[in-house]
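**Q** okay, sequence plus prediction incoming.
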Amino acid sequence: MFNRLGICSLFGYGIAGRTQDLMGNSAALDAVNDLSNDSLHGVGTFFQNQPVAIHPQLIHAAGDNWILYVLFALLLMIALIRFFYPVATRTIFLWFLGTGSRKSGDSYSKPGVLVPSFLLLNFIFSFTLFIVEVHSKTSTGFHNLSSPSLFWLYAAGGIVGFYLYNQIFAFLIGFIFNTDSEASIQMKSNTTWAYITGLFLTPFLLLYFYSKSDFIFYVIAGGLIILLFLKWFQTVKVGLSARSFNMLHLFLYLCAVEIIPLLLLVKVFVK
């Protein structure tokens, strides 16, 4: 009997406590409802009144990061070559002035075969990378530079084939027209152009892939066009030095060796 009385008393106290809590909450709600409009105006609203502008950005795949390391390694090798063979690298840049031959009084360590081979490989890789990037910008379903390994082979093969075509055709023209000395100068000019193009592309491609700036990409494209016109200017200069050549021969040579193959490469790789 006492237990029943205790339970009833506890139950009664619990109901009374819950009733007081409900009454207190109701009083709090009444106090909130009694707030003036001025006080609510100072609080502000919770939800956004203005439309939210969302700008999605394309996140490039992490698999393309190896290009930065390769370009940085190539740039480091170029710096080492510039340090150990300063006069040899200076001779390459004198090609712009048309005096790319080494003077007899220059004394420096001979670069041998390794330095020219590296400069040529640097040209092939950097130019291939540029073609692949151009194709990735012009193609709709091609955005990852690491995936199309077959296209890399095609682009590298096209560049090597274009370079060899220029060299072989210059040699044959010199043999047919008995202008061996001019053909040798033209072949050296083609090789020096490849060296300079690679030296130009490597640092600018590193800047481009680090920043993904379209301005740097346009600078690269404009620089390649300028280098190409300089190459044609050197070709005309070498051709005019030969007595058996005239302007018609030079025009046919440029069309057959330089312009038409270049346009075919552009048509094949840029669709």
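**A** Good, I have the coordinates.

**Q** give me the buried positions along the helix or strand hosting Val115.
**A** Assigned by DSSP states H and E, Val115 falls within helix 114-138. The neighbour-count check on helix 114-138 (16 or more other C-beta atoms under 10 Å) flags 115, 118-120, 122-136 as buried. Where you see a C-beta, it was placed from the backbone N, CA and C, and this is true even at glycine.

**Q** which elements pack onto it?
**A** Helix 114-138 is packed against helix 66-84, helix 149-176, helix 180-211, helix 214-240, helix 260-269, with contacts defined by 3 or more C-beta pairs under 8 Å, 6 or more residues apart in numbering; DSSP states H and E.

**Q** ok, and what's touching it?
**A** Taking contacts as C-beta atoms under 8 Å, 6 or more residues apart in numbering, the residues outside helix 114-138 that touch it are 67, 70-71, 74, 77-78, 81, 85, 88, 92, 142-143, 145, 148, 151-152, 155-156, 158-160, 163, 191, 194-195, 197-199, 201-202, 205, 208, 217, 220, 224, 269-271.

**Q** among the residues you listed, which ones are buried?
**A** Among the contacts of helix 114-138, the ones that count as buried by 16+ other C-beta under 10 Å are 67, 70-71, 74, 77-78, 81, 85, 88, 92, 145, 148, 151-152, 155-156, 158-159, 163, 191, 194-195, 197-199, 201-202, 205, 208, 217, 220, 224, 269.

**Q** can you tell me the average pLDDT over the helix holding Val115?
**A** Per-region confidence: helix 114-138 scores 90 on mean pLDDT.

**Q** by how many degrees do that helix and helix 260-269 diverge?
**A** Relative orientation of helix 114-138 with respect to helix 260-269: 50 degrees, computed using axes from the mean of the first three to the mean of the last three C-alpha atoms, to 10 degrees.

**Q** return the angle between stretch directions for helix 114-138 and helix 214-240.
**A** Using the same axes, to 10 degrees, the inter-axis angle of helix 114-138 relative to helix 214-240 is 130 degrees.
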